[in-house]
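Chemist: Got a sequence here, can you model it:
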Amino acid sequence: MNKAPTKVKLYLILSLILDPFYFIYQNIAILRNKEEKNRSAERWVNQKVKRPAGHLIWLHVASVGEALSAFPLIEKILAEVPEPNILVTSTTKTSAKLIKDYDDDRVIHQMSPYDTFFVSKRFLDHWKPDLACRVESEIWPRILIEIEKRNIPNYLFNARFSKKTVKRMKSDLTSSKYLLSLFDQIHVPEKHTEQFLLGIGVKSSSVLVTGSLKDSRGSLSFDSNLMKEFNQVIANRNVWLAASTHRGEDEIILQAHNKMGGILIIVPRHTERAGEIVSLCSSMELNCQLRSEFSHLKKDTEVYIADTMGEMGLWYSLVKIAFIGGSLVERGGHNPMEAAQLGVISLHGPHVYNSSAKYDKFKSEGISYEISNAQDIVERFGSLSATVLEVKAQTAKNISRVDMLAVEESSKAIKKALGI
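Modeler: I've put the predicted structure just below:
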């Protein structure tokens with residue numbers, strides 16, 4: 001193992017005394033309903049949950065998006081690895097619930113451990129993973145170094161970095177290169193991420209362009225009876241969707257909707273923001289409804305706030321046009337693939353660096369359009385007739401077929417590391 005740079009060494013020293021601070025942080029998070037009290041012990045390693053016999057693959061996902069993208073890989077591992085067990089760790093309450101509901105005894109979920117000296121060692125001593133995999137971009141220096149010390153194969157799948165993260169990494173190239181060198185292999189969804197990693201000094205032999213894990217998922221499922229129930233109330237009114245919105249986007253979406261009328265289904269990326277959207281609706285005199293309070297669509301509802309999890313397939317099934325969130329603010333834009341697979345045309349803001357190649361392709365095929373403000377949204381709606389939307393819906397379905405390359409390459413790396 002190469003010598004750690006000074007800043008990394010300072011962090012490692014700090015990790016020796018961080019436990020009390022994390023304890024305070026955790027209790028504040030519980031009071032704010034950001035964490036579940038009955039699962040708080042898992043952050044410190046709950047040794048009552050025993051390590052199962054056989055191969056144990058540790059897969060870390062931060063939140064819901066990463067968890068959903070990892071499901072095809074989990075299915076592949078369970079099908080092809082002898083005596084497999086998968087320990088999935090995640091950070092948020094919503095992702096925890098999603099993974100907990102995964103119907104297979106070979107998949108164990110625990111809340112992610114804190115990145116301190118004592119917790120990291122306790123975690124690895126207890127679970128003894130045969131290999132470690134992370135999805136997307138959460139990099140914890142202490143546990144990465146402890147993994148390296150134990151010669152545990154270590155992979156970063158579907159690696160992508162926000163503009164803020166890229167800026168931070170470029171400001172300290174030595175530490176960034178060192179931490180990324182602790183991974184045996186890094187799989188990236190797009191060429192520009194590969195170029196960034198090579199540019200900061202990561203070895204080309206360690207980086208592989210595989211496409212996105214999210215492209216390995218089939219189209220989202222939905223309850224056809226619920227779809228019929230909603231459509232009966234919607235009737236002939238215009239309906240559109242704002243999917244995975246972030247703070248700073250809802251105002252623009254609601255301003256556009258106020259001009260167009262009909263029904264807007266808005267799905268905040270983080271459901272705890274639903275109250276903020278209710279306040280915005282009230283300030284604009286829009287009649288809104290929270291799904292968590294009353295699930296059946298009311299006839300006089302103008303804005304339906306879908307503050308529940310795992311129903312995006314239903315919302316896409318009800319519309320022909322959807323705004324994809326995280327793109328009017330600098331979040332990099334969420335993947336438009338889910339919309340396209342269900343024949344939905346997407347609108348997006350200028351910030352789509354997370355899936356820039358995908359957006360470029362969709363724009364060239366005429367199934368995705370860039371907008372900058374409320375007026376752009378109104379004008380785009382006015383330019384798309386029902387007949388045109390039907391043609392574009394079929395185009396969207398045709399070019400968004402499942403691509404299993406990322407899952408295949410990730411599975412191949414895992415099996416090689418296990419000697420299978």
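Chemist: S63 contacts S95, doesn't it?
Modeler: Yes. Counting by C-beta atoms under 8 Å, S63 touches S95, with 4.9 Å between them. Every C-beta, even on glycine, is put in place using the N, C-alpha and C of the backbone.
Chemist: between the two, who's got more neighbours?
Modeler: Ranked by neighbour count (other C-beta atoms under 10 Å), S63 and S95 place S95 first, with 24 against 20.
Chemist: can you list contacts of the helix-or-strand element of the chain with minimal mean pLDDT?
Modeler: Here the helix or strand of the chain ranked lowest by mean pLDDT, DSSP states H and E is helix 93-100, holding a mean of 84. Outside helix 93-100, the residues that touch it by C-beta atoms under 8 Å, 6 or more residues apart in numbering are 34-36, 39, 61-64, 66-68, 88, 90, 107, 109, 111, 270-271, 309-310.
Chemist: buried ones in the helix or strand that comes right after that helix?
Modeler: Next along the chain after helix 93-100, taking DSSP states H and E as the criterion, comes strand 107-111. Across strand 107-111, burial judged by 16 or more other C-beta atoms under 10 Å covers 107-111.
Chemist: Kindly report the same for stretch 205-218.
Modeler: 207-217.
Chemist: any chance of these in CSV, plus secondary structure, pLDDT and distance to R168?
Modeler: Below are those laid out as CSV (DSSP: H, G, I helix; E, B strand; the rest coil; pLDDT from 0 to 100; distance: C-beta to C-beta, whole Å):
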residue, secondary structure, pLDDT, distance to R168
V207, strand, 97, 19
L208, strand, 96, 24
V209, strand, 95, 23
T210, coil, 94, 25
G211, coil, 89, 26
S212, coil, 89, 23
L213, helix, 90, 24
K214, helix, 84, 24
D215, helix, 85, 28
S216, helix, 85, 29
R217, coil, 81, 30
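Chemist: now the stretch 1-150 of the chain, which segments are flagged as low pLDDT?
Modeler: 1 (pLDDT under 70).
Chemist: What ranges does it have for its helices?
Modeler: 6-14, 19-31, 64-80, 93-100, 117-127, 141-149 (DSSP state H, counting those that start in this stretch).
Chemist: Kindly report the same for the stretch 251-400 of the chain.
Modeler: 274-283, 312-317, 337-341, 356-364, 374-383, 386-399.
Chemist: what's the closest of the ones you listed to E148?
Modeler: helix 356-364 (32.1 Å; C-beta to C-beta).
Chemist: what distance separates the closest one from the centre of its chain?
Modeler: 19 Å (C-alpha atoms, centre = their mean, to the nearest Å).
Chemist: That one - contacts with which helices or strands?
Modeler: When contacts are defined as 3 or more C-beta pairs under 8 Å, 6 or more residues apart in numbering; DSSP states H and E, helix 356-364 packs onto helix 191-199, strand 368-370, helix 386-399.
Chemist: contacting residues around the closest residue to D307 other than its chain neighbours?
Modeler: Closest residue to D307 apart from its sequence neighbours, by C-beta to C-beta, 6 or more residues apart in numbering: A274 at 3.8 Å. A274 sits next to 268, 290, 292, 305, 307 when contact means C-beta under 8 Å, 6+ apart.
Chemist: Repeat the analysis, applying 10 Å as the threshold.
Modeler: Each residue near A274 by C-beta atoms under 10 Å, 6 or more residues apart in numbering is listed here: 266-268, 288, 290-293, 305-308.
Chemist: Kindly report the same for H334.
Modeler: So H334 contacts 65, 214, 243-246, 269, 324-327, 346, 348, 352, 354-355 (C-beta under 10 Å, 6+ apart).
Chemist: Among these, name the ones in strands.
Modeler: Those of the contacts of H334 mapping onto strands are 243-245, 324, 346, 348, per DSSP state E.
Chemist: Adding distance to T301, write the residues you listed out as a markdown table.
Modeler: Formatted as a markdown table, the ones in strands among the contacts of H334 follow (distance: C-beta to C-beta, whole Å):
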| residue | distance to T301 |
| --- | --- |
| A243 | 18 |
| S244 | 21 |
| T245 | 18 |
| I324 | 23 |
| S346 | 24 |
| H348 | 26 |
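Chemist: Now restrict the residues you listed to buried residues only.
Modeler: Among those, those buried by neighbour count (16+ other C-beta under 10 Å) are 243-245, 324, 346, 348.
Chemist: which among the residues you listed gets closest to F118?
Modeler: For those, the nearest to F118 is S244 (36.5 Å; C-beta to C-beta).
Chemist: Tell me, how many residues neighbour the residue nearest to that closest one when sequence neighbours are not counted?
Modeler: Distances taken as C-beta to C-beta, 6+ apart place G325 nearest to S244, at 3.9 Å, with adjacent residues excluded. Using other C-beta under 10 Å, G325 has 24 other residues around it.
Chemist: So G325 is in contact with I253, correct?
Modeler: Yes. Counting by C-beta atoms under 10 Å, G325 does reach I253; the two are 8.7 Å apart.
Chemist: Now do the same for the residue of the chain most remote from its centre: its pLDDT.
Modeler: Among residues of the chain, the one most distant from the C-alpha centroid is N236; the distance is 33.9 Å, by C-alpha atoms, centre = their mean. Model confidence at N236, given as pLDDT, is 90.
Chemist: List only buried entries from the contacts of helix 93-100.
Modeler: Neighbour counting with 16+ other C-beta under 10 Å marks 35, 39, 61-64, 66-68, 88, 90, 107, 109, 111, 270-271 as buried within the contacts of helix 93-100.
Chemist: Tell me how this structure divides into domains.
Modeler: With domains defined by automatic domain parsing, the chain comprises 6-217+404-417, 224-399.
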